[in-house]
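Novice: Build me a model from this:
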Amino acid sequence: MSNIPFETIDWNAIPKTEHAGETGIAFWQTVQHPGLRTRIVEYSAGYVADHWCQKGHVVHCLEGEVTSELETGESFLLKKGMTYIVSDDLSSHRSISKNGVKLLIIDGDFLKLDEKAVK
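Specialist: Residues are numbered from 1 along each chain as shown. All right, here's what the predicted structure looks like:
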């Protein structure tokens, strides 16, 4: 990851890209830096991710609710004001939103699994 000078982000100026889920649609507004991605992500009502994700994230719920389902069968409800954190390759997860949700998602090199720490 490289150094990032001070900057502000006007999310109103960041275009939305559309990503289809298994059901529903996700809209991403993305700011990319080397080794760091910051996004506002909105899932439509009825959204179910179309894949199991292995990537690490810091996910903060801005509005609504989202269920993070793990491939192990566990699930966790994230409500407005709540955050979850997971490192790369530590759990397969996918997002499900019954009524729609708006999230701040940060991921990047700082979430790579430290093999020495796991042993």
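Novice: Helices of the protein, start to end?
Specialist: 115-118 (DSSP state H).
Novice: ok, the most centrally placed residue in it to L90 distance?
Specialist: Geometric centre of the chain, nearest residue: I105, 4.1 Å, by Cα atoms, centre = their mean. Note on I105: its distance to L90, by Cβ to Cβ, to the nearest Å, is 16 Å. All C-beta atoms are positioned from the backbone trio N, CA, C, and that covers glycine.
Novice: just I96 next, same as before
Specialist: From I96 to L90 the distance is 20 Å (Cβ to Cβ).
Novice: now swap in K79 and tell me
Specialist: 23 Å.
Novice: what does L36 give?
Specialist: 19 Å.
Novice: The two: who's more crowded?
Specialist: L36 (16 against 12; other Cβ atoms under 10 Å).
Novice: Please list all residues in contact with the more buried one.
Specialist: 1, 4, 106-110 (Cβ atoms under 8 Å, 6 or more residues apart in numbering).
Novice: Select only the buried ones of those residues in PyMOL?
Specialist: To isolate the buried members of the contacts of L36 in PyMOL, using 16 or more other Cβ atoms under 10 Å:
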select buried, resi 106+107+108
